[in-house]
Structure formats: C-alpha cells, structure tokens
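Sequence first, then the predicted structure:
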Amino acid sequence: MNKFYIKYVSVILLFILTSCSYQPIFSQKSYNFEIDKIKYSGEKQINNIIKNKLNLIKNNEGQGDRKYNLTINSYKERFIVSKDSKGDPLKFELIVTINYEIAHNDNLLLVKKITKNNIYNNVVDKFKLEQNEKIIIENLSEKISEIIISSMINLDDN
C-alpha cells in the first residue's frame, strides 16, 4: 500500500511539474505598435467584447514605435431563415458587421468591413434563445477582434 501511494504521488507530481505552459495568443505578446485611441459606435455589447480584446494591446504601452488610432462601427442583424407550416420561425441568421478604420498620424491607412454570420435553431424558451444569441455574438465578436489585430500586425510588417 505504501509503495503504491508513493508511485501514485510521484506520477502526479511528474505530470504537474512537466505540464505545458498555456498562454493566450494575444495577451502576452509584445507588438511593434500601440493603439493610441479607439472610437466606438454602434452595438454596445459587440463593442465591449472588442474593447476587452483590444485593451490587451492598448495596455502594451511604450513598446511600439507606431501609434494607431482606431474607429470602429458595429451593428448586428437577425433574420428568419426558415419557417414551419404555421409560420413560426425555425431557424435564425445572426449577422455581425464591423466597419473599422486604422489611422496613423491622421493618415488613413486601412478601411475595412468585416461580416460574420451564424445560423441557429429557434428555441421555445425565449430566455434560452436570448442566451444562445449572446454566446453567438460573443464568439463572432472575438473572431472579428482577432482579424482587426491581425490587420494591424500586417500593417506594421509593411
């Protein structure tokens, strides 16, 4: 019993000590640019998600030689994709669209429009449907914020 316990604890310790070091992609990396100002307009929920992602870079002050200004306009649309025989909706499509501009020293460098969509089933429980939509909006907004960050990285490489 005692030998089994020692082997068990040593194996657990081995796994703990040699586990991989997970780091989020955009949080600890240093960039050659900074985000100086960000102006948001449109949907507050989408803007807050993008703001949280971009603040990871914005708080990276003093490390970049280029300072970018961002202007972000966001909106969402929800459409009925299909209906049943009674006319009740079966599937919805949620479209999140972001128009953004990147400027440096009052020179406009990039103007881009990103559209992401998701089709999902209707749920009888309206609270659950609303929660599903919030999760979808969060996922789409995070993908869009990663595209914005990638475009700034590509601008910096040029």
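Yes, it's here. Residues are numbered from 1 along each chain as shown.

Quick check, residue 103 in contact with residue 68.
Yes. If you go by C-beta atoms under 8 Å, residue 103 and residue 68 touch, sitting 6.8 Å apart. Backbone N, C-alpha and C define where each C-beta goes, glycine included.

Could you pull out the residues contacting both of these two?
Counting by C-beta atoms under 8 Å, 6 or more residues apart in numbering, the residues touching both residue 103 and residue 68 are residue 109.

More neighbours: which of the two?
residue 68 (23 against 17; other C-beta atoms under 10 Å).

for that one, helix, strand, or coil?
strand (DSSP: H, G, I helix; E, B strand; the rest coil).

For this protein, which segments are assigned as strands?
With strands called from DSSP state E, the chain shows them at 33-42, 66-83, 89-104, 107-121.

Which one, of those, ends up nearest to residue 16?
Of all those, strand 33-42 sits nearest to residue 16, with 37.3 Å by C-beta to C-beta.

and residue 154, which of the strands of the chain is closest to it?
Going by C-beta to C-beta, the one of those nearest residue 154 is strand 107-121, 9.0 Å.

Pairing partners for the closest one, with directions?
If you go by DSSP bridges, strand 107-121 pairs up with strand 89-104 (antiparallel).

and the partner strand with strand 33-42, angle?
140 degrees (axes from the mean of the first three to the mean of the last three C-alpha atoms, to 10 degrees).

Show me what counts as buried in strand 89-104.
Buried residues in strand 89-104, counting neighbours by 16 or more other C-beta atoms under 10 Å, are found at 92, 94, 96-104.

now, which of those residues sits nearest residue 73?
Closest approach to residue 73 among these (C-beta to C-beta): residue 99, at 4.5 Å.

The closest one pairs with what?
residue 73, residue 113.

list the contacts for it?
By C-beta under 8 Å, 6+ apart, residue 99 lies in contact with 72-74, 111-113.

Residue 120 too?
In this structure, residue 120 makes contact with 91-92, 94, 132-133, 136, judged by C-beta under 8 Å, 6+ apart.

Check which helices and strands the longest helix anywhere in the chain is in contact with.
Secondary structure of the chain per DSSP state H: the longest helix is helix 126-157. With contacts defined as 3 or more C-beta pairs under 8 Å, 6 or more residues apart in numbering; DSSP states H and E, helix 126-157 has these neighbours: strand 33-42, helix 44-58, strand 66-83, strand 89-104, strand 107-121.
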